[in-house]
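> mind looking at a prediction? Sequence and model below.
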Amino acid sequence: MAAAVVACGAGTHHTSESQMPLKKALSAASPLTLRIVAECSVTKARACDLILPHSAVSTPVFMPVGTQGTLKGITVDQLEGLGCQICLGNTYHLGMRPGPDLITKANGLHGFMNWGRNLLTDSGGFQMVSLVELSEVTEEGVKFKSPYDDKEILLSPEKSISIQNSLGSDIMMQLDDVVSSTVTGPRVEEAMHRSIRWLDRCIAANKNPNKQNLFAIIQGGLNADLRKACLDEMTRRDVPGFAIGGLSGGEEKDDFWRMVTLSTDHLPREKPRYLMGVGYAVDLVVCVALGCDMFDCVFPTRTARFGSALVPWGSLQVKHKQYAKDFQPIDPDCQCPTCKRHTRAYLHALFKSDTAAMHHITIHNIAYQLTLMRSVRQSIVEDRLPEFIRTFMKRMFPSRDQYPGWAVDALASVNVTVE
Amino acid sequence: MKLELARVVRGTGRLGVLRGLGRTAQHSLEVPGCLLYTHLGAVPHLTQDTLHTLSSLPSVTQVTLSNIAEHQEVLEEFKDGFRKFAGLHDTLLYCSLHDSAAPCPTGYTTNKTVSVWGSGGRIELTVAKFMALQKAVQPDWYQSMADGETWQNNTSRKRVRKSVDRTLAHLDECLLAHQNSQELEGVEVFGVVEGGDIPEERVRSARETAKRPVAGFCLDGLQTGSMDQALRTQLIAAVTKELPEEKPRLLQGVGRPDEVLACVEVGVDLFESFFPFQVTERGCALCFSFNISLDPERAVLELNEDERDTAGETQHNGDVSLDDQTRMTSFEMNLKDKRYHDDFRPLVEGCGCYCCKNHQRAYLHHLLVTNELLAGVLLTIHNTAHYQGFFSALREAVAGDKLDILRRRVLRERKE
């Protein structure tokens, strides 16, 4: 069993960094264990240790997105150095290029990118809908045309799991029938029911249940009844974790948070809750209070490449003229490699000369997100999350009347007032 | 600065150490050697973490006015010099005029000005502005302002002569301003030798420049693509004959390993390292061998083979025109090629760089095919390490009088 814990995932260069006592690891039949370290006495927030095959992950956690088996210009050493314990890869992209066969030969995605910590792969479902012009959803799966060679491809639950089995990720997502959160009507219900059926097919198709954790994705759009129905059904399945899907797609924030809190109300306490696609600082903090443990978003890394640096008071557009002679670091309180060595003025100038400028901001933004999550976790452990939230909001917004209404409501719903 | 020569081979190839570098005169640089090529102080694609995966870096960082000129105001307000502005610790700074990997339009030099191209367009430099920039940059040493626009194909004799005259005039003006400037105390100046492809003008430029109180010499207008190596060798030999032995010679615009070897033999001490950057930008990895520490028997066998095989091959790379600078050379492998799709070997077997220790050709191929930024990072690390390794081997070869063996080794390797 010990051998399975250390050798699984096939990272060739790194040994397991599990902090869990070996005895507990030995007794874990599943490749995922959630240890609840602290629960907030006011909100629904929790701080947990999520034990996965490659290492332990402290939650709440933000997972940076490394779409094509790389985190946009950052080496795995740099990522490790920032304290990242888990990041994402995309099944759609990697399934197209370089393809599952090559990755199998390379010892899985861990071996291919040489990342020794944890990986989560999504199913490819979201990209089907968001990236592909003409995709057709049937009970079989999603049919679409490859953008690289025009061949027609069917992404079925079985195919998605097969690719993810080849990738060897520590957490895999079921293929869900993804419908935009702005769609209403019968399509939403159809998608919800189909997602349940596809979950069962995914569970059946998983060749590595002892090494790879398959998460279900709760759907139901913005309809409370549909969500509830989905929750009731999916929680009957014995999956190691649940994701809250179908949100973070342009819907009204007022609807968004209500669906999040409804979901966490009905998800089992002892399994992790992963809110997909959420990454703005305010959203992260609020949704932790609503009971979510895991988050991912391309926003921090994508916006970095446009020169936008994330800071506790919002963001800083490094490429703007006003920073040309600003000789402070991006955030004087930040301990990341970029802020310890460089000024806004230098980065502003560097953007005109070299891609390294993007990398500096990317590193800073990842550091910002991870540090934020670490502080949130610490405040839960010390049972002072409401105070943390109040301080956070004060720093982020110039005045009380600029606090987003939805966030105030959402926090109030878990007994946090932000005066 | 002072060049301490340890050896001279074939009468002109030199081995030594450049000492007393920097304002504190405490740094040194081995020659033959190269400077660290940067864009505004950053080795392309690299942050400090990725840069410091490289164990042996040149002690001198090169920056160019073509990158810096547009930031003059910022630097003047900053006051503490470019090194501090860029967060560079522990390195010396050499400031050149142009970026050898970014050829710029011609036809804008005048008797009193030269132009550089920043991100916002052309910036015209008089000697006064040039010197103001040096005061704002505060390098450890810089090349004086020069007119090197003589590399195009039909540059007239008259134009070449003008470039020599102008460059000398700029040098005198620079030196005057330099001597009168407190901010530049302790900073050294290199004179620039011009002369196009005309031997008499080259000699004239060399002789005249040598009369001025400069710390060393830049050889300009000889860049890859401007002339064939035979002519370049001839011109450099003629030039170095006129230059004092104890002052270093820096050759601009030449970086290909075969050309570097040839130029070392005729007395060049320092080179720029833009070549690994160019290799990176075309998605290639340097892979030529420079390991000559073979056992003597094998060495003899190889020499005999080489004489048969390489007879025609010294022409292989040929002499490329300036337009072909981006074309792949035989010193590198093209990682975009399909053959690397499932090649799980490191880029170069035995290379100790971060890229070769942690990643495989198949991964680099994937990063290039998918246009991922990490490709540039990893390739820069490898190509820089490989190039540094080459210079280290070059110094060893000069020390042991084995330049011939090294040259054969470097030229015989072809990508598989």
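Good, I have the coordinates.
> element containing the spatially closest residue to B:P346 that is not a sequence neighbour, please.
Leaving out its chain neighbours, the residue that sits closest to B:P346 by Cβ to Cβ, 6 or more residues apart in numbering or on different chains is B:C356, at 3.9 Å. No exception for glycine: its C-beta is placed from N, CA and C like everyone else's. Counting by DSSP states H and E, the element that carries B:C356 is helix B:354-358.
> what packs against the following helix or strand past that helix?
Downstream of helix B:354-358, the next assigned helix or strand under DSSP H and E is helix B:361-369. Secondary-structure packing of helix B:361-369 (3 or more Cβ pairs under 8 Å, 6 or more residues apart in numbering or on different chains; DSSP states H and E): helix A:108-113, helix B:374-399.
> how about residues contacting helix B:361-369?
Helix B:361-369 is contacted from outside by A:68-70, A:97-98, A:102, A:106, A:112-114, B:283, B:285, B:335-337, B:340-347, B:355, B:372, B:374-375, B:378-379, using Cβ atoms under 8 Å, 6 or more residues apart in numbering or on different chains.
> now with 6 Å, please.
Residues from elsewhere that reach helix B:361-369 (Cβ atoms under 6 Å, 6 or more residues apart in numbering or on different chains): A:98, A:112, B:283, B:335-336, B:340-345, B:374-375.
> before we move on, what about stretch A:374-394?
Against stretch A:374-394 from outside (Cβ under 6 Å, 6+ apart): A:38, A:40-43, A:45, A:47, A:58, A:60, A:285, A:288, A:403, A:416, A:418.
> what two of the residues you listed are the furthest from one another?
Using Cβ to Cβ, the contacts of stretch A:374-394 span at most 28.1 Å, a distance reached by A:S58 and A:Y403.
> for stretch A:221-228, what is the average pLDDT?
What stretch A:221-228 shows for mean pLDDT is 95.
> deepest of the helices and strands packed on helix B:361-369, which one?
Each of the helices and strands packed on helix B:361-369 was scored by mean neighbour count; the highest is helix A:108-113, a mean of 27, by mean count of other Cβ atoms under 10 Å in any protein chain shown.
> quick one: pLDDT of A:T15?
42.
> if you could redo that for B:D90, that was the one I meant.
pLDDT, B:D90: 85.
> how far away is it from chain A?
12 Å (Cβ to the nearest Cβ, to the nearest Å).
> and the longest helix seen in chain A, which residues are buried?
For chain A, the longest helix by residue count, based on DSSP state H, is helix A:356-381. For helix A:356-381, the neighbour count (16 or more other Cβ atoms under 10 Å in any protein chain shown) marks A:356-373, A:376-377, A:379-380 as buried.
> before we move on, the earlier item: do I have it right that the residue nearest to B:P346 meets B:R345?
No. Between B:C356 and B:R345 there is no contact under Cβ atoms under 6 Å: 9.2 Å.
> more neighbours: those two, which one.
B:C356 (22 against 11; other Cβ atoms under 10 Å in any protein chain shown).
> tell me the centre residue of the chain?
Went with chain A since none was named. Nearest to the mean C-alpha position of chain A, counting by Cα atoms, centre = their mean, stands A:D296 at 2.1 Å.
> that answer is for a different chain, and I need it for chain B
Nearest to chain B centroid, counting by Cα atoms, centre = their mean: B:E272, 1.3 Å.
> list the residues that contact it.
B:L35, B:Y37, B:S100.
> residues near the residue of the stretch 301-416 of chain B found nearest chain A, how many?
Nearest residue of the stretch 301-416 of chain B to chain A (Cβ to the nearest Cβ) works out as B:L373 at 3.5 Å. If you count neighbours by other Cβ under 10 Å, B:L373 ends up with 18.
> try B:R282
The number of residues packed near B:R282 is 16, by other Cβ under 10 Å.
> again, but for B:P244
12.
> A:D238 too?
By other Cβ under 10 Å, 8 other residues sit near A:D238.
> wait, a helix at it?
No. Under DSSP: H, G, I helix; E, B strand; the rest coil, A:D238 falls outside any helix and is assigned coil.
> next, give phi and psi for it.
Backbone geometry at A:D238, expressed as degrees, to the nearest 10, gives phi -90, psi 70.
> how about A:F62?
Here is the backbone geometry of A:F62 (degrees, to the nearest 10): phi -100, psi 130.
> that one: neighbouring residues, count only.
Residues near A:F62, counting by other Cβ under 10 Å, number 26.
> my guess is it meets A:A367, correct?
No. With contact defined as Cβ under 6 Å, A:F62 does not count as touching A:A367 (11.0 Å).
> can you pull the contacts of A:C297?
Contacts for A:C297 (Cβ under 6 Å, 6+ apart) come out as A:G277, A:V278, A:G279.
> roughly how far apart are the last one and chain B?
Same thing as A:G279. Taking Cβ to the nearest Cβ, one finds A:G279 at 20 Å from chain B.
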